[in-house]
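**Student:** turn this into a model:
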Amino acid sequence: MPLRTVTVPCNNCGQTAGQIVAQGPDFEYRTAAEEFTMVRCSGCGLVYLNPRPAPEELPTIYPERYIPYHFDDHLTPFMRRARTFLQREKAKAIQRLAPPAAVVWDVGCGGGFLLECLQKYGSPAWRLLGIDISESALEKVRARGIETRCGRFETLDLAPGSCDVIILNQVIEHLDDPARIVTKAHQTLKPGGVLFIETPSLDGWDAKLFFSRHWGGWHFPRHWTLYTRSSLCRFLESRGFLVERVQWLLSPNFWAQSVHHRWVDRGLPEKYARFMDCRNPLVMGLFSVVDLVQMLCGQTSNMRVIARKPSAGI
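**Tutor:** Sure, this is the predicted structure:
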């Protein structure tokens with residue numbers, strides 16, 4: 001049975017007209033038989049999924065086998081060490097932005113891998129909170145002794161000005177209303193608080209090479225809004241944030257997924273195509289080198305944006 005879908009206007013400017021830029025199926029989980037369409041808004045240029053799955057279809061497109069809910073279970077020891085290193089560096093980056101006794105929220109925390117790193121490598125005085133829509137994923141977070149809230153961030157009862165850092169780690173691209181989430185973040189951050197975003201970027205070489213169908217960053221039908229560096233910065237500034245810096249990050253998994261999707265689409269059996277997998281250290285190493293070269297040229301398909309709520313009186 002086809003997914004129930006809804007047609008939506010541009011979340012950024014409200015325009016309804018748009019140009020189709022990419023189409024493809026759910027290459028990764030096959031949760032639906034139909035293909036999905038990415039459009040570029042005729043008004044502001046935002047790229048978004050339209051139509052997209054209706055809200056009641058979220059359990060279908062995010063099945064219990066969704067890897068971010070069980071990421072540790074899918075990694076080889078080598079890849080687990082590599083991921084721990086990267087998340088430890090992320091925790092250190094957050095520590096440089098937050099006061100010693102900060103309140104830190106990870107919105108869309110999944111199974112809590114980043115929160116575990118924050119617990120280990122961040123300030124011991126931090127108050128950590130994991131927020132997600134998956135109760136089963138949050139069970140793993142609570143098992144680590146970390147506070148959780150289950151539900152959609154934008155609808156939770158959260159006190160204004162109660163948080164120092166809000167993390168949207170590979171989350172904003174999944175949201176049906178990024179403007180509402182960013183507005184909520186602005187309301188709940190203290191003056192001078194930080195919004196820490198990591199999200200795919202349309203600026204990378206792999207995005208351009210596989211753009212029309214196979215790019216792993218499309219993640220059909222789960223990525224609903226995609227940005228370039230400039231479009232994300234404009235968006236955050238329009239919602240009252242000051243963008244402090246943008247950093248380019250490695251994303252070898254997007255390269256591997258893109259090649260995998262192209263191979264499968266051209267008829268290669270899955271047992272061969274799965275060579276392009278994030279658990280394959282050879283593949284991850286190769287594409288990490290490619291992304292390092294990209295970074296020297298000034299971009300990749302994964303970006304970190306640090307934005308700050310102005311202090312009182314600014």
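**Student:** what about the strands in this structure?
**Tutor:** 5-6, 18-24, 36-41, 47-49, 52-53, 103-107, 127-132, 147-150, 163-169, 189-200, 225-226, 242-248, 302-308 (DSSP state E).
**Student:** most tightly packed of the ones you listed?
**Tutor:** Comparing these by mean neighbour count (mean count of other Cβ atoms under 10 Å), strand 225-226 ranks first with a mean of 26. (Glycine included, C-beta is placed from N, CA and C.)
**Student:** that one pairs with which strands, and in what direction?
**Tutor:** Note on strand 225-226: by DSSP bridges, its sheet partners are strand 47-49 (antiparallel).
**Student:** residues near D176, how many?
**Tutor:** Around D176 there are 20 other residues, counting by other Cβ atoms under 10 Å.
**Student:** who's in contact with it?
**Tutor:** Contact analysis of D176 by Cβ atoms under 8 Å, 6 or more residues apart in numbering lists 8, 11, 52, 55, 224.
**Student:** can you add distance to L249 and pLDDT and give the residues you listed back as JSON lines?
**Tutor:** Output for those, formatted as JSON lines (distance: Cβ to Cβ, whole Å; pLDDT from 0 to 100):
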{"residue": "V8", "distance to L249": "29", "pLDDT": "96"}
{"residue": "N11", "distance to L249": "24", "pLDDT": "91"}
{"residue": "R52", "distance to L249": "26", "pLDDT": "97"}
{"residue": "P55", "distance to L249": "30", "pLDDT": "90"}
{"residue": "W224", "distance to L249": "21", "pLDDT": "97"}
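**Student:** from those, which two are the most distant?
**Tutor:** N11 and P55 (14.6 Å; Cβ to Cβ).
**Student:** which one's more surrounded, these two?
**Tutor:** N11 (19 against 10).
**Student:** ok, the more buried one to N50 distance?
**Tutor:** According to Cβ to Cβ, to the nearest Å, N11 and N50 sit 10 Å apart.
**Student:** what number of residues lie near Q299?
**Tutor:** Residues near Q299, counting by other Cβ under 10 Å: 21.
**Student:** nearest residue to it other than its sequence neighbours?
**Tutor:** D203 (4.3 Å; Cβ to Cβ, 6 or more residues apart in numbering).
**Student:** can you pull the pLDDT of the one you found?
**Tutor:** Predicted confidence (pLDDT) for D203: 95.
**Student:** so what does it look like in phi/psi?
**Tutor:** phi -80, psi -10 (degrees, to the nearest 10).
**Student:** check contacts around it.
**Tutor:** Counting by Cβ under 8 Å, 6+ apart, D203 has contacts 228-229, 299-301, 303.
**Student:** biggest separation within the residues you listed, which pair?
**Tutor:** T228 and T300 (12.2 Å).
**Student:** what touches both of these two?
**Tutor:** 201, 203.
**Student:** tell me the bridge partners for N302.
**Tutor:** Assigned bridge partners for N302, using DSSP bridges, are P200.
**Student:** can I get the contacts of D203 in a markdown table including pLDDT and distance to L209?
**Tutor:** Below are the contacts of D203 laid out as a markdown table (pLDDT from 0 to 100; distance: Cβ to Cβ, whole Å):
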| residue | pLDDT | distance to L209 |
| --- | --- | --- |
| T228 | 96 | 16 |
| R229 | 96 | 18 |
| Q299 | 93 | 13 |
| T300 | 96 | 13 |
| S301 | 97 | 10 |
| M303 | 97 | 18 |
